[in-house]
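Enquirer: quick check, what structure comes out for this input:
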Amino acid sequence: MIKKYLKNKFTIIIPLLFLTDITILLDIPILRQVLGFLCFTLIPGFLIVHVLRLDELKTIEKFVLSVGLGVAFLMFTGLFINNVYHAFGYKTPLSTYSLMISFSIILFLLIFFAYKRNENNYAIPKLNLKNFTGKNMFLIPLTFPFFSIFGTYLMKTTNNNIVIIFTLLLISIYVILITILNKKVSSQVYPVAIWAISISLLFMYALRYNYLPAGSDVIIEYRTSLVSLKNLYWSISSVRTAVNSCLSIGILPTIYQSLLNIGLFNVYKIIFMILASFIPLNLYLLFNKYINNISAFLSSLFFAFQYGFMYYITNIRTSIAILFFSFSLMILFSKINEIKKRILFIIFIVSVIVSHYSTTYITFIVISSLFLMTIVTKNIKKIEIKRGVTATMLILFFVLIFFWNSQVTVAPFTAGLKFFEETFRTMSEIFIIESREVGLQRAMGKGIQGIPETINLIVYYISFIFVGIGSIYSLIRYKNSEFDVEYLLLMFISLIILSLMILIPYVAAGYGITRTYQQMLVILAPTFVIGGNILIFKFLKSQYVMHIILGVLIAILITNVGGVYQIFGEPHSVIFNSKGYQYEISYIHEESAIAGNWLKDNMVKRAKICADVATGGSRGKLALQGIYASKVFFKHNKTYFEERLCDHAYIFLSYQNVVNKEVVVNFWKSEGWKRNIKEYLYLLNGKSKIYDNGGSEVWI
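Expert: The predicted structure is shown next:
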């Protein structure tokens with residue numbers, strides 16, 4: 001009986017694989033997408049986990065690790081297929097048949113090796129929900145993604161935000177209940193709750209858009225992915241940019257589109273959001289090694305409730321890189337065999353390298369600093385440290401960065417040199433607030449207007465104080481800390497990096513304080529709960545410490561979804577409104593997209609295009625169609641709307657210009673960001689309207 005189960009455990013994958021291949025060949029809707037994603041994302045990682053015999057890990061850890069290894073498998077195997085097949089004369093190596101056949105053959109081999117390596121492994125995972133409370137707390141969060149999807153659908157079709165508001169209230173109430181009833185809740189409930197909450201928040205933003213949010217890097221990423229998808233072949237020479245050097249953009253979207261036939265927009269809005277939703281779950285498993293279930297749960301939610309996480313749709317390559325970064329730390333602090341640990345650590349570190357260059361540089365700084373500080377700490381403090389990062393691993397990390405970024409792809413290395421050059425050049429501007437990026441200026445209180453922004457800033461500062469106090473307290477009492485010395489050193493390194501981001505102007509402007517803070521929270525998130533405990537218990541003597549921390553956590557969620565603006569009657573957040581700042585600068589209407597396609601097909605080659613700030617530029621609404629509007633008729637509070645600027649140029653009027661009679665004049669400020677179109681109508685004097693679909697117009 002046991003032997004039969006063992007055979008079924010792996011051989012059952014064979015008919016599943018055949019069924020998946022059939023659904024792909026016959027292009028059966030829904031089944032192709034569901035089975036294709038599960039089969040080619042989860043099963044490769046599942047088999048690799050069993051080939052390595054990671055018996056020290058819990059079932060949930062094996063499952064989550066399977067996701068990370070599966071995505072890495074797709075990228076690296078896809079790169080191998082891409083280069084080798086093309087070298088032998090096959091011009092479209094990333095086509096459906098090529099990928100399906102190649103992946104299926106490799107999976108058959110992995111099935112064989114996994115079976116041979118696990119002939120005596122008979123463990124069957126069980127779900128342990130002892131009571132009525134535990135069962136309900138397990139089932140309730142499974143409804144969150146459905147409410148989130150339905151709520152965004154209602155917003156797009158009827159502008160009704162009641163379901164979205166209900167979903168956020170339900171999530172908040174659930175988090176409160178699970179915190180209060182934590183002693184009655186099975187530990188198996190927390191991972192499910194974290195994943196369900198995370199994917200729901202990601203979908204609220206990502207699925208809100210018909211296309212993709214304008215004004216963000218995802219527009220450039222999408223345009224880059226289209227090149228590989230069109231050619232069914234990735235080559236750095238096809239688009240010589242730093243973005244195309246990222247396999248998370250160059251190869252991974254094409255693989256998913258070829259296998260699933262889901263549409264590239266949906267690969268970005270659905271598949272990549274599903275992958276990103278595993279980051280908080282991964283962090284829970286990491287934190288749970290040191291702190292109890294409820295503290296690890298709240299810490300992972302602190303990460304998930306950040307604006308930088310919920311809006312991952314704006315920067316896909318960063319989200320994939322941080323996913324692998326979190327896996328590398330999970331492995332580094334796991335209790336698995338050292339050889340296996342190094343193999344997996346290298347896999348995930350290399351995955352970071354090929355996913356995003358900037359995240360790679362930050363990761364290298366973190367890992368190399370950790371290596372050096374473990375040596376110094378061990379020699380000076382005589383502290384016993386298990387050095388997870390060795391000199392060999394660090395050298396290999398550096399060599400791979402140099403090889404990939406400077407020899408293979410080149411563009412990221414050039415961008416990195418420019419970054420360091422500008423960083424040193426702006427060192428003299430340390431004390432000038434205006435020299436910093438807009439987001440950091442606002443964090444320092446500059447340009448804050450109105451009660452909602454003031455409340456938001458207060459909530460942010462409370463969370464920063466919690467993190468700061470928690471980090472310092474953990475470092476001071478290192479001898480009695482729950483965390484490994486190596487983890488405490490990572491906390492210290494993270495604080496230093498964030499401090500440099502604040503002090504050195506170009507560091508934050510070049511990479512972004514939000515992205516850096518989000519990456520450092522992979523390490524620092526537990527200090528939010530620790531700091532809250534210390535601050536409240538030591539100074540306020542409250543017996544309801546966890547409840548106050550919970551209140552701050554819910555306030556962070558409300559703040560980052562734009563709830564404070566909504567409470568005060570200001571239409572700011574795109575998830576609640578079909579008007580207002582965020583919606584108008586980032587939402588691409590159907591009429592504008594159709595007009596953009598018409599202009600692309602009918603315009604004179606190399607002609608100039610004139611549009612407003614939100615529509616023009618490399619990240620504007622027109623960029624989605626591959627059109628670069630190099631001229632804008634108002635920008636950053638300086639008038640550039642002389643007639644000669646738009647003379648002999650197409651003037652593109654978007655949905656907002658035509659229907660709402662407004663022009664976006666400033667992309668970075670939520671106050672004074674628009675003006676009436678009447679101020680610019682004189683630009684149309686002497687020009688003719690050549691296209692009009694009722695929502696967008698083209699003049700020349």
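Enquirer: which stretches of the stretch 451-600 of the chain have low pLDDT?
Expert: Within the stretch 451-600 of the chain, the ranges that satisfy pLDDT under 70 run 504-512, 537-543.
Enquirer: how is the chain divided into domains?
Expert: Using automatic domain parsing, the domain parsing of the chain gives 2-117, 128-314, 340-425, 429-541, 588-699.
Enquirer: least reliable of those going by mean pLDDT?
Expert: With a mean of 78, domain 429-541 has the lowest mean pLDDT of the domains of the chain.
Enquirer: mind listing what's buried in stretch 220-240?
Expert: Going by neighbour count (16 or more other CB atoms under 10 Å), the buried part of stretch 220-240 is 220-229, 231-234, 239. Placement of C-beta: from N, CA and C, glycine included.
Enquirer: stretch 300-313 now?
Expert: 300-313.
Enquirer: now do it: distance from first to last residue.
Expert: From its first residue to its last, stretch 300-313 covers 19 Å (CA to CA, to the nearest Å).
Enquirer: off-centre distance for it?
Expert: Relative to the centre of its chain, stretch 300-313 is centred 8 Å away, using CA atoms, centre = their mean, to the nearest Å.
Enquirer: go on, stretch 55-72?
Expert: 19 Å.
Enquirer: neighbouring contacts of it?
Expert: 40-46, 48-49, 54, 121, 125, 188, 191, 252, 275, 278, 281-282, 285, 320, 323-324, 327, 330, 334-337, 344, 347-348, 351 (CB atoms under 8 Å, 6 or more residues apart in numbering).
Enquirer: try it again at 7 Å.
Expert: 41-42, 44-46, 48-49, 54, 125, 191, 275, 278, 281-282, 285, 323-324, 327, 334-336, 347-348, 351 (CB atoms under 7 Å, 6 or more residues apart in numbering).
Enquirer: pull the CA atoms of that stretch into CSV?
Expert: The C-alpha trace of stretch 55-72 is given here as CSV (Å, rounded to 0.1, in the frame of the first residue of the first chain):
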residue,chain,number,x,y,z
ASP,A,55,13.5,16.5,4.5
GLU,A,56,14.4,19.0,7.2
LEU,A,57,11.8,21.5,5.8
LYS,A,58,8.1,21.5,6.7
THR,A,59,5.4,20.8,4.1
ILE,A,60,4.5,24.5,3.7
GLU,A,61,8.2,25.4,3.4
LYS,A,62,8.6,22.8,0.6
PHE,A,63,5.5,24.1,-1.1
VAL,A,64,6.7,27.8,-1.1
LEU,A,65,10.2,26.7,-2.1
SER,A,66,8.7,24.9,-5.0
VAL,A,67,7.3,28.1,-6.3
GLY,A,68,10.7,29.9,-6.2
LEU,A,69,12.5,27.0,-7.7
GLY,A,70,9.8,26.6,-10.4
VAL,A,71,10.1,30.3,-11.5
ALA,A,72,13.9,30.0,-11.5
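Enquirer: how much space between the residue positioned nearest the centre of the chain and residue 171?
Expert: When CA atoms, centre = their mean is applied to the chain, the residue found nearest the centroid is residue 319 (2.6 Å). From residue 319 across to residue 171, the span is 21 Å (CB to CB, to the nearest Å).
Enquirer: residue 606: which element?
Expert: In this structure, residue 606 sits in neither a helix nor a strand according to DSSP states H and E.
Enquirer: phi, psi for it please.
Expert: With angles defined as degrees, to the nearest 10, residue 606 sits at phi 70, psi 20.
Enquirer: what about the longest helix seen in the chain, distance to the chain center?
Expert: Determined from DSSP state H, the single longest helix within the chain is helix 59-87. Mean-position distance between helix 59-87 and its chain equals 18 Å (CA atoms, centre = their mean).
Enquirer: pull out the buried positions in the helix or strand following it.
Expert: Counting by DSSP H and E, the next helix or strand C-terminal to helix 59-87 is helix 96-117. Residues of helix 96-117 classed as buried by neighbour count (16+ other CB under 10 Å): 96, 98-100, 102-104, 106-107, 110-111, 114-115.
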